[in-house]
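A.B. asks: sequence plus predicted model, see below.
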Amino acid sequence: MSVAMPPVRELEKSAAVGPQLYRLIRDRIVRGELPPGLRLSETEFAAAYDVSRQPVREAFIKLSEENLVAVRPQRGTFVTRISVPSVMTTRFIREAAEADIVRLVAEAASDDAIAALDAEIVKQRAVTTAAEPDLFMQLDEAFHRMLAEMAGQRSAWDYLEGLKTQMNRVRHISMRKLPFEKLVSQHAAVVEGIRKRDAVAAESCMRLHLREIIRDLPEIVDVMPDFFEGADDFK
């Protein structure tokens, strides 16, 4: 089976086509719109985005370097399965980094910084009943990025961004199953620790929050075993 589907949005004619295609297809894979195991057709993507096959081929090659697609000679290009070991390793690294980040914020956050975090929680609560997982994911990312910036660790966050592709694929699946209220409450608990200037409490709440995926992943793998690889080691 192969699919291109209608484009998510029109390409900008004034910008280079290849990088745009790469970002668009990558986003569709990470969000699960193009699921693991799906065969991707150069011809169909080229037609859907009204471009030649060359930039599509180049996008596929770049995606293969991120292990998001596998280019198999004589067979085609396929969306890769989600690597469970990669997810778990990234989660471990992210917890270690963000635990330190939130401690730094709790030790030095200004009243204005805390007010900005409170505003993010308000935004998150506003979408808990909207059933819009993609929007909530954007707000979740913004919250964690804000903490990194407040700690003076924007570069560390950018580094994590490059690592957590496989984790984000799982998060998009889990966002369709988890009650957003639980995640917002965990974020709010982190902010409360920061408000009290309690670095230990803020760190503990962040670690608890980032371990949520450990609890979700076994169930997701059981329900969607064909979407994953390396799950035997996880179990």
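C.D. replies: In hand now; what should we look at?
A.B. asks: from here on, contacts and neighbour counts on C-alpha atoms
C.D. replies: Will do.
A.B. asks: would you mark the buried spots in the strand or helix carrying residue 220?
C.D. replies: Using DSSP states H and E, residue 220 falls within helix 212-223. Within helix 212-223, the residues scored as buried using 16 or more other C-alpha atoms under 10 Å are 213, 216, 217, 218, 220, 221.
A.B. asks: check stretch 43-57 too.
C.D. replies: Using 16+ other C-alpha under 10 Å as the test for burial, stretch 43-57 gives 43, 44, 45, 46, 47, 48, 49, 51, 53, 55, 56, 57.
A.B. asks: and for stretch 59-73?
C.D. replies: By neighbour count on 16+ other C-alpha under 10 Å, the buried set for stretch 59-73 is 59, 60, 61, 62, 63, 64, 67, 68, 69, 70, 71.
A.B. asks: what mean pLDDT does it get?
C.D. replies: For stretch 59-73, the mean per-residue pLDDT is 94.
A.B. asks: and the helix holding residue 220, what other elements does it pack with?
C.D. replies: Based on contacts counted as 3 or more C-alpha pairs under 8 Å, 6 or more residues apart in numbering; DSSP states H and E, the elements that helix 212-223 packs against are helix 165-175.
A.B. asks: in this structure, which spans are helices?
C.D. replies: With DSSP state H as the criterion, the chain has helices at 17-30, 42-49, 53-65, 84-108, 111-126, 133-150, 154-163, 165-175, 180-195, 199-210, 212-223, 231-234.
A.B. asks: weakest of these by average pLDDT?
C.D. replies: helix 231-234 (a mean of 68).
A.B. asks: chain neighbours aside, what residue packs nearest to the spatially most central residue of the chain?
C.D. replies: The residue lying closest to the centre of the chain (C-alpha atoms, centre = their mean) is residue 168, at 2.8 Å. The spatial neighbour of residue 168 that comes closest, neighbours along the chain excluded (C-alpha to C-alpha, 6 or more residues apart in numbering), is residue 30 at 6.4 Å.
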